[in-house]
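In: Sequence plus predicted model, see below.
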Amino acid sequence: MTDDPGREPYAEGKVPRHVAIIMDGNGRWARRRGLPRHAGHRQGMKAVREAVEGARLAGVEILTLFAFSTENWQRPAIEVSALMSLLKHYAEQEQKELRAKGVEVRVLGELDRIDGAARAAVDRIVQATAGGQHLRLNLMISYGGREELLRAFRDIAEKLAEGVLKLEDVNEECVESHLFTSGLPDPDLLIRTSGELRLSNFMLWQLAYTEIHTTAVLWPDFTRDDFAGAVREYQRRDRRFGRVNAG
Ligand code: FPP
């Protein structure tokens with residue numbers, strides 16, 4: 001239990017350092033209300049605020065959100081454009097508050113594919129929040145786990161060919177250092193909303209030993225209390241990392 005009165009009450013136990021979230025169910029949320037899909041994404045942005053607040057209150061160090069996958073580029077142009085303008089909107093609107101709260105934003109993925117205005121807004125929020133000490137927020141955009149690994153393997157192969165790396169240098173640390181998440185601990189907890197039980201090409205390397213929490217809640221309805229519930233469930237898990245006990 002933490003002494004900070006502003007914080008959520010947690011059971012005794014470790015708070016996960018790094019929480020990753022697959023935010024799913026925006027489309028279904030909208031459909032159930034007879035609304036267009038982009039209305040679900042807009043409401044999903046509010047849930048992003050809830051998740052950030054939940055992570056901050058729990059004392060999580062790193063929050064990683066799957067905001068747009070490489071596969072999402074294949075959605076209808078109108079939806080892609082709605083998601084890009086939402087991203088721009090989020091970056092512009094949240095910048096001040098995130099900075100004030102000590103949240104450092106990073107954007108990870110194949111950023112060259114993001115359109116001019118959204119890219120500029122994203123660059124600004126990254127710059128404005130640099131150095132935030134309370135929470136690191138990774139927005140995974142134009143991100144795919146296999147693509148990330150391929151990119152790492154190509155970089156490593158190039159360095160091998162140039163003689164910058166030797167075969168014996170290629171180990172787990174080497175691969176890890178070529179990922180977008182280089183230098184960060186792997187997620188301790190993965191949350192997936194909307195009841196789906198898939199990884200959907202998300203952080204395939206980093207999730208090897210991550211505890212998974214799924215909830216039927218659709219992403220736009222996700223609250224800081226749902227976040228706290230996931231953390232409490234995590235605290236009851238026995239993490240063994242393939243061994244007999246966590247050690
Ligand atoms: C999955 O729901 C969600 C997405 C593809 C996009 C996630 C985006 C947001 C939460 C809003 C913006 C985020 C930021 C950081 C500004 P889905 O559309 O696949 O839902 P469905 O499976 O019900 O169709």
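Out: Nice, thanks for sending it over.

In: can we go C-alpha only for contacts and neighbour counts from here?
Out: OK.

In: Where does pLDDT dip in the chain?
Out: Regions of the chain meeting the criterion pLDDT under 70 cover residues 1-12, 246-247.

In: So what does Leu137 look like in phi/psi?
Out: For Leu137, the backbone dihedrals (degrees, to the nearest 10) come out as phi -110, psi 110.

In: what residues does this structure put near the ligand?
Out: Where the chain comes near the ligand, counting by Cα under 6 Å from any ligand atom, the residues are 23-28, 41-42, 44-45, 67-68, 86-87, 90.

In: In this structure, which helix is the longest?
Out: The residue-count maximum for a helix in the chain (DSSP state H) belongs to helix 77-100.

In: And for it, what's in contact with it?
Out: The contact list for helix 77-100 (Cα atoms under 8 Å, 6 or more residues apart in numbering) reads 37-38, 41-42, 45, 72-73, 104, 114-115, 117-119, 121-122, 124-125, 128-129, 132.

In: can you rerun that using 6 Å?
Out: 118, 121-122, 125, 129 (Cα atoms under 6 Å, 6 or more residues apart in numbering).

In: Helices - which of the residues you listed land there?
Out: 118, 121-122, 125, 129.

In: can you redo those residues as JSON lines with neighbour count and distance to Asn171?
Out: Shown next, in JSON lines, are the ones in helices among the contacts of helix 77-100 (neighbours: other Cα atoms under 10 Å; distance: Cα to Cα, whole Å):
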{"residue": "Ala118", "neighbour count": "21", "distance to Asn171": "36"}
{"residue": "Ala121", "neighbour count": "20", "distance to Asn171": "37"}
{"residue": "Val122", "neighbour count": "25", "distance to Asn171": "33"}
{"residue": "Ile125", "neighbour count": "24", "distance to Asn171": "34"}
{"residue": "Thr129", "neighbour count": "23", "distance to Asn171": "33"}
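
In: Check those and tell me the two furthest apart.
Out: Across the ones in helices among the contacts of helix 77-100, no pair lies farther apart than Ala118 and Thr129, at 16.6 Å, counting by Cα to Cα.

In: which ones are touching Glu61?
Out: Glu61 neighbours (Cα under 6 Å, 6+ apart): 17, 135.

In: separation between Phe227 and Glu92?
Out: To Glu92, Phe227 is 25 Å away according to Cα to Cα, to the nearest Å.

In: When these two are compared, which one has more neighbours?
Out: Phe227 (22 against 15; other Cα atoms under 10 Å).

In: quick one: the helices in this protein?
Out: Assigned by DSSP H, the helices in the chain fall at 26-32, 37-58, 77-100, 116-129, 145-162, 172-177, 224-235.

In: Now the first one: buried residues?
Out: Neighbour counts over helix 26-32 (16 or more other Cα atoms under 10 Å) mark 26-30 as buried.

In: possible to save those residues as a markdown table with distance to Pro185?
Out: Formatted as a markdown table, these follow (distance: Cα to Cα, whole Å):
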| residue | distance to Pro185 |
| --- | --- |
| Asn26 | 29 |
| Gly27 | 32 |
| Arg28 | 33 |
| Trp29 | 33 |
| Ala30 | 35 |
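
In: Centre of the chain to the edge, which residue is at the far end?
Out: The centre of the chain is farthest from one residue, Gly163, which by Cα atoms, centre = their mean lies 34.5 Å away.

In: Phi first, then psi, for it.
Out: phi 80, psi 10.

In: so how far is the ligand from it?
Out: Computed as Cα to the nearest ligand atom, to the nearest Å, the Gly163 to the ligand distance reads 40 Å.

In: same deal with Ser200?
Out: Separation of Ser200 from the ligand (Cα to the nearest ligand atom) stands at 11 Å.

In: for Tyr234, same thing?
Out: Tyr234 is 23 Å from the ligand, by Cα to the nearest ligand atom.
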